[in-house]
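J.: When you get a sec, could you give me coordinates for this:
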Amino acid sequence: MRLMTQSGEAHVLMEEVVAVVRHLPNRDNFNVDVHLRSGTIFTVVDADVDRLEEILTAWEWATDDAKQ
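T.: This next block holds a predicted model:
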């Protein structure tokens, strides 16, 4: 999945994601940390609820496919 992160454009294999963390406080735009199995953390800056849902859905699909 292509993500615009704090450090630039990243192409993340969602199968490698182990956690997705939404930063507080709860407001319209917020940062999202995408944690990889390797320990790398990508920060998606100024995400909104729709972008968070896209990330979570891609992660769900990737983990569902990995189980099969």
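J.: give me the beta-bridge partners of the spatially most central residue of the chain?
T.: The residue lying closest to the centre of the chain (C-alpha atoms, centre = their mean) is residue 34, at 4.0 Å. As for beta bridges, residue 34 partners with residue 20, residue 42 under DSSP bridges.
J.: Please enumerate the strands of this protein.
T.: Taking DSSP state E as the criterion, the chain carries its strands at 2-5, 8-11, 17-22, 30-36, 41-47.
J.: a markdown table for those strands, including distance to residue 54?
T.: Glycine gets a C-beta too; all of them are placed from N, C-alpha and C. Listed next are the strands of the chain as a markdown table, based on distance: least, C-beta to C-beta, whole Å:
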| stretch | distance to residue 54 |
| --- | --- |
| strand 2-5 | 10 |
| strand 8-11 | 14 |
| strand 17-22 | 11 |
| strand 30-36 | 10 |
| strand 41-47 | 9 |
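J.: ok so, going back, tell me the contacts of the residue nearest to the centre of the chain?
T.: 3, 12, 17, 19, 20, 41, 42, 43, 44, 55 (C-beta atoms under 8 Å, 6 or more residues apart in numbering).
J.: okay, the fifth one: pLDDT?
T.: Read it as residue 20. What the model reports for residue 20 is a pLDDT of 98.
J.: Wait, residue 33 touches residue 41, no?
T.: Yes: contact criterion C-beta atoms under 8 Å: residue 33 and residue 41 qualify, at 5.3 Å.
J.: quick one on the thing from earlier: so which of the strands of the chain gets nearest residue 61?
T.: Residue 61 lies closest to strand 17-22 among the strands of the chain, at 11.2 Å (C-beta to C-beta).
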